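[1] I'll drop the sequence and a predicted model, then ask my questions.
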Amino acid sequence: FLRFLLSRMLLASVLHAQDNTGGHDDHRGIEGSHVRTNYTKKAFPVLALDYHHIQVPFEISLWVLLASLMKLGFHLIPRLSSIVPESCLLIVVGLLVGGLIKLAGEEVPPVLDSNLFFLCLLPPIILDAGYFLPIRPFMENIGTILMFAVVGTLWNAFFVGGLLYAVCQIEGTYLSQVELLPCLLFGSIISAVDPVAVLAVFEEIHINELLHILVFGESLLNDAVTVVLYHLFEEYSGAGEVTPMDVVLGVICFLIVSLGGIAVGAIYGILAAFTSRFTSHTRVIEPLFVFVYSYMAYLSAEMFHLSGIMALIACGAVMRPYVEANISHKSHTTVKYFLKMWSSVSETLIFIFLGVATVAGPHAWNWTFVSVTVILCLVSRVIGVVGLTFIINKFRIVKLTTKDQFIVAYGGLRGAIAFSLGYLLDKDHFPMRTMFLTAIITEIFFTVFVQGMTIKPLVDLLAVKKKQEAKRSINEEIHTQFLDHLLTGIEDICGHYGHHHWKDKLNRFNKKYIKKCLIAGERYKEPQLIAFYHKMEFKQAIELVESGGGVKLPSAMPSQPKKLPPAVAERALPQFTKGREEEIRKILRSNLQKTRQRLRSYNRHTLVADPFEDGWNDFILKKQRMIELEKKVRLADSPSLVKPD
């Protein structure tokens, strides 16, 4: 229709130009009449079909709608969702959709393309995890997480890859053409715990915070190890050998990939926090800065082959405390629900696409390779967790029990990241790529279906401690901060610079310099306890209004205030003016949680006299004199004690 209108307008303009042109009027008139006589009027297109014009956005919207409807349907059947994890059901839906497409005679498209997965589907899931990451338990267990993520992943990669190569060399397996470096490359792909699969399963079983942060933290931080091993073995598979210099370069590359990803994410997080200082007049674009800066951090890290996952985690964790202090509550709600919605849809699409890709892709089934892969992954995971926990428990105060070790080992799920890395392999350099993909899909299905479906009954059977849903109270916050200061003081007295000492130093630096630059107004002066109280009070007010309590409050108030009894009136809190409240607030801001600035280490051989001791003694003497003077004045003013003349 638009094409028809444009052609009519163009024809009218040409005829108008010919009529108004001087000089060759007769010749132009003849040409104009010729044009008019040759034009044939077409029927007006009332209805037309142009599917190719909207094919791509229409199919994307259709996939998202299908995924959302499937997710909605699963939760409408509580019995089904309580028995089978959501990820398993979504993979089954993908298998059914792929099978229907094949039965219809159509070619199943490669929907789980690596670029689509790494650039579109994975970032929202990781950003949601990084932005709402519980920083305190994560940092308290960072040593254990790094042991599992770095040492454990290296152990799994070399154990699985080395033993697979040994099995391939056995006569009768028909796998003698598989070399060592491709086996190690396959081991590095299949050994990494997948954060998407862990999130999908562990959030449904409501495991306690310690086990959740150990498995989930490992799945996030092992990305750097997987990326380095993948590129290292891919690079040297053609060369056929790895020299000691390559090993050194691999270690350096691991440090660059991991620390570089963290640095990129932290820079973008600081930029996002600084930008949010100036959005008080344009609140509507505040959530946009959170999403765009985070995605730019991920893309910038991927551009230099750094760890995009670690960049997103660092960006979300760095920006959150400062951004939340600057943006409005509506913007915070928008960020929270949009991230949850976006990550949920991406996670749903990943599992559906995984099922479709299973039906679509060619497979090279080898019973020996596939079965040995599944067994070795399970055995290496158990040995790695038990061996590393034996070392870790020597340095931990809260030991990991046998039940904890079992859940950590059993929760090492594989997912779409391994499939996408295998999909990236070049067919020319890796002729066994199809067999690798078949083994990867089998391992994913085994971990998601078998381990994912049985971990919840095992948690109930072993009576593993579940997550407590109770909200944090002011009392708990006060005691937590009190213990932090107490432990910092004990470390200072002992002269030992532990993590509480450095945490206190970091908090001081943050309060003195960083908050001034990244938080707008006077909110950076607000102590942590008061900020927590304001946040909690605001949440309770919103919950009260949402539950309808806010509407009933005015009707419950008496029309005439009752006069309190004298005894109660004496104990009632005084009513302060606004100026007095502001003065109290300033006093709290300047003095609450104000610890000493200079700390002295204790040494019994070099005890130094307290320079304030003499001043303190003078103060005590003056206070005693003032008390005695007040007693004398009180006795003099008392009428019962005055002597008659």
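    Cool, the structure landed. Numbering: from 1, shown residues only.
[2] would K42 count as being in a strand?
    No: going by DSSP: H, G, I helix; E, B strand; the rest coil, the assignment for K42 is coil, not a strand.
[3] Number the chain from 52, please
    Yep, numbering from 52; the last one is K93 now.
[4] gap between it and G194?
    76 Å (Cβ to Cβ, to the nearest Å). Every C-beta, even on glycine, is put in place using the N, C-alpha and C of the backbone.
[5] okay, the two: which has more neighbours?
    G194 (12 against 8; other Cβ atoms under 10 Å).
[6] isn't there a helix covering the more buried one?
    Yes: according to three-state DSSP, G194 belongs to a helix.
[7] residues touching it, list them.
    443, 446 (Cβ atoms under 8 Å, 6 or more residues apart in numbering).
[8] Tell me the predicted confidence for it.
    pLDDT, G194: 90.
[9] Could you break this protein into its assigned domains?
    165-513, 525-650 (the TED database).
[10] what's the most buried one of these?
    domain 165-513 (a mean of 19; mean count of other Cβ atoms under 10 Å).
[11] if we can go back for a sec, let's have the domains of the chain in CSV, adding distance to L140.
    Output for those, formatted as CSV (distance: least, Cβ to Cβ, whole Å):
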stretch, distance to L140
domain 165-513, 8
domain 525-650, 31
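[12] which SS class is the residue nearest to Y102 when sequence neighbours are not counted?
    Once flanking residues are discounted, Y102 sits nearest to F109: 7.6 Å by Cβ to Cβ, 6 or more residues apart in numbering. The assignment at F109 comes out as helix when based on three-state DSSP.
[13] if I look at F109, how far off is V115?
    For F109, the distance to V115 - Cβ to Cβ - is 11 Å.
[14] if we can go back for a sec, which of the domains of the chain comes out lowest on mean pLDDT?
    Across the domains of the chain, domain 525-650 gives the lowest mean pLDDT, at a mean of 64.
[15] From the chain's centre, how far out is the one helix or strand L167 maps to? Work that out for me.
    In the assignment (DSSP states H and E), L167 maps to helix 165-167. What separates the centre of helix 165-167 from the centre of its chain is 20 Å, taken as Cα atoms, centre = their mean, to the nearest Å.
[16] which ones are touching the residue nearest the centre of the chain?
    Nearest to the geometric centre of the chain sits A180, at 1.7 Å (Cα atoms, centre = their mean). Neighbour list for A180: 246, 250, 267, 271, 364, 367, 394 [criterion: Cβ under 8 Å, 6+ apart].
[17] Let's see which of those end up in helices.
    Among the contacts of A180, the ones falling in helices (DSSP state H) are 246, 250, 267, 271, 364, 367, 394.
[18] still on that earlier bit, quick one: which of F109 and V115 has more around it?
    V115 (14 against 11).
[19] ok, that one touching L400?
    Yes: the criterion here is Cβ atoms under 8 Å, and V115 meets it with L400 at 7.0 Å.
[20] Outside of the helix or strand where F209 lies itself, list whatever touches it.
    Using DSSP H and E, F209 sits in helix 204-219. Contacts to helix 204-219, defined as Cβ under 8 Å, 6+ apart, come from residues 224, 226-227, 229-231, 234-239, 241-244, 273, 276-277, 280, 419-420, 423-424, 427-428, 431-432, 434-435, 438.
[21] Contacts for stretch 383-395, please.
    Against stretch 383-395 from outside (Cβ under 8 Å, 6+ apart): 122, 175-176, 178-180, 182-183, 337-338, 341-342, 375, 378.
[22] Pull up the distance across stretch 410-420, start to finish.
    With Cα to Cα, to the nearest Å as the measure, the ends of stretch 410-420 fall 20 Å from one another.
[23] which residues touch G503?
    136, 138-139, 248, 251-252, 464.
[24] Following the chain onward from the host helix or strand of it, which element is next?
    Using DSSP H and E, G503 falls within helix 503-513. Counting by DSSP H and E, the element after helix 503-513 in chain order, helix or strand, is helix 525-545.
[25] now could you export just the CA positions of that next one as CSV?
    Provided in CSV are the C-alpha atoms of helix 525-545 (Å, rounded to 0.1, in the frame of the first residue of the first chain):
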residue,chain,number,x,y,z
ILE,A,525,17.6,-4.1,63.5
ASN,A,526,18.7,-6.2,66.5
GLU,A,527,20.6,-8.6,64.2
GLU,A,528,22.2,-5.7,62.3
ILE,A,529,23.3,-4.0,65.5
HIS,A,530,24.9,-7.2,66.8
THR,A,531,26.6,-7.9,63.5
GLN,A,532,28.2,-4.5,63.4
PHE,A,533,29.1,-4.8,67.0
LEU,A,534,30.9,-8.1,66.4
ASP,A,535,32.7,-6.6,63.4
HIS,A,536,34.1,-3.8,65.5
LEU,A,537,34.9,-6.2,68.3
LEU,A,538,36.8,-8.6,66.1
THR,A,539,38.6,-5.6,64.5
GLY,A,540,39.6,-4.4,67.9
ILE,A,541,40.9,-7.8,69.0
GLU,A,542,43.0,-8.1,65.8
ASP,A,543,44.4,-4.6,66.5
ILE,A,544,45.3,-5.5,70.1
CYS,A,545,47.0,-8.7,69.0
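[26] where's that helix relative to the chain centroid, distance-wise?
    Between the centre of helix 525-545 and the centre of its chain there are 28 Å (Cα atoms, centre = their mean).
[27] What is that helix packed up against?
    helix 550-560, helix 579-597 (3 or more Cβ pairs under 8 Å, 6 or more residues apart in numbering; DSSP states H and E).
[28] could you give the angle of that helix to helix 550-560?
    With axes from the mean of the first three to the mean of the last three Cα atoms, to 10 degrees applied, the angle from helix 525-545 to helix 550-560 works out at 110 degrees.
[29] How much space separates the residue nearest to the centre of the chain from C366?
    Separation of A180 from C366 (Cβ to Cβ): 12 Å.
[30] for A490, same thing?
    34 Å.
[31] Isn't N259 up against V515?
    Yes: between N259 and V515 there is a contact at 7.1 Å, judged by Cβ under 8 Å.
[32] all strands of this protein, in order?
    Counting by DSSP state E, the chain yields no residue ranges for strands.
[33] quick one, what contacts S119?
    396, 399.
[34] same thing with L363?
    Contacts of L363 (Cβ under 8 Å, 6+ apart): 174, 177-178, 181, 316, 345, 348-349.
[35] Find the nearest non-adjacent residue to it, please.
    Of all residues not flanking L363 in the chain, I177 sits nearest, at 4.5 Å (Cβ to Cβ, 6+ apart).
[36] Over to L538?
    Per Cβ to Cβ, 6+ apart, closest to L538 is H551, 4.5 Å.
[37] Touching, that neighbour and L537? I think so.
    No: between H551 and L537 there is no contact, the gap being 9.1 Å when judged by Cβ under 8 Å.
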